[in-house]
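Novice: Here's my sequence, what's the structure:
(one chain, ligands or ions: 1)
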Amino acid sequence: MRLDRFLSNLPRLNRQDARLRLAAGHVQVDGVTVTDGRFEVRQFNRVELQGEVLQIGKPARYFMLHKPVGYVSATEHPAHPTVLDLLDEPDKHELHLGGRLDLNTTGLLLITNDGQWSRRITLPKVKLPKVYYVETEQPITSEYAEVFARGLYFQYEDLTTLPAELQILDTRAARLTLFEGRYHQVKRMFGHFQNKVVRLHRESMGPLRLDQSLAPGAYRALLGAELALL
Ligand code: URA
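Specialist: So this is what the prediction gives:
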């Protein structure tokens, strides 16, 4: 929310008061005086009016998890353990997922308490590339690469998938880069050729690669440099 709006939402300030208090340098965000009402206040900012705390910013938290098979990408589930069960962190109810993986898919999963950040990275228009390592039951032919690059029609959603890049690694193994995230997308794309995906692993999301030192089920906080990349 804009800072001027945030201030004028307070019962004791109207829009004019908010403008004046900003111009007078009475407003601090994270200890720094801000005079521009267009400043975007986030959940994680600490906002003060002449030293009086109006909002206590919570620290933003960002994690990468190596999702193992058998864990649901959800915060609660009646039948399976969830990926949040793998985290030893306080206030886990504040965390949510930046994207999902199927129960039997492994690999990079991002977890945060920053809703703006996760919305941004999952927005369709951002087209963040997601790279998957895929193993299949039947051989993969060069025709797959042509079809995936053209896009496949998904009847249920009535859409054509964005061009995707397929690199064939072996008779039954490939690396697939998607620029969107439709429901069961990889499995449905190979399903077009009646070829069952037997292993699916997400290696990266945009510039973020799964840390090779993380065993399945392990996680770590994202580094400042990694956050700056996204
Ligand atoms: N596509 C799938 O089919 N499953 C996943 O988990 C991710 C992408």
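
Novice: For residue 205, name its beta-bridge partners.
Specialist: Per DSSP bridges, the residues bridged to residue 205 are residue 130, residue 208.

Novice: I meant residue 32, not that one.
Specialist: Beta bridges link residue 32 to residue 29 when assigned by DSSP bridges.

Novice: quick one: pLDDT of it?
Specialist: The confidence metric pLDDT takes the value 95 at residue 32.

Novice: where's it relative to the ligand, distance?
Specialist: According to Cβ to the nearest ligand atom, to the nearest Å, residue 32 and the ligand sit 41 Å apart. For glycine as for every other residue, the C-beta is placed from the backbone atoms N, C-alpha and C.

Novice: And residue 199, by the same measure?
Specialist: In this view, residue 199 and the ligand are 11 Å apart by Cβ to the nearest ligand atom.

Novice: go on, residue 75?
Specialist: As judged by Cβ to the nearest ligand atom, residue 75 and the ligand stand 17 Å apart.

Novice: Excluding chain neighbours, give the residue nearest to that residue in space.
Specialist: Once flanking residues are discounted, residue 75 sits nearest to residue 84: 5.5 Å by Cβ to Cβ, 6 or more residues apart in numbering.

Novice: Now do the contacts for the spatially most central residue of the chain.
Specialist: By Cα atoms, centre = their mean, the chain has its centre lying nearest to residue 98, at 2.5 Å. Residues in contact with residue 98 (Cβ atoms under 8 Å, 6 or more residues apart in numbering) are 109, 110, 111, 112, 117, 118, 121, 122, 205.

Novice: Please name the bridge partners of the second one.
Specialist: Beta-bridge pairing of residue 110 under DSSP bridges involves residue 64.

Novice: what number of residues lie near it?
Specialist: For residue 110, the count of nearby residues is 21 (other Cβ atoms under 10 Å).

Novice: repeat for the one 3 residues further on
Specialist: Applying other Cβ under 10 Å, we find 21 other residues in the vicinity of residue 113.

Novice: Residue 60 now?
Specialist: Counted with other Cβ under 10 Å, residues neighbouring residue 60 total 15.

Novice: What strand or helix carries it?
Specialist: Per DSSP states H and E, residue 60 falls between elements, in no helix or strand.

Novice: do you know how far it is from residue 140?
Specialist: 41 Å (Cβ to Cβ, to the nearest Å).

Novice: likewise residue 71?
Specialist: From residue 71 across to residue 140, the span is 27 Å (Cβ to Cβ).

Novice: Equivalent analysis for residue 75, please.
Specialist: Separation of residue 75 from residue 140 (Cβ to Cβ) stands at 35 Å.

Novice: who's more crowded, the two?
Specialist: residue 140 (22 against 15).
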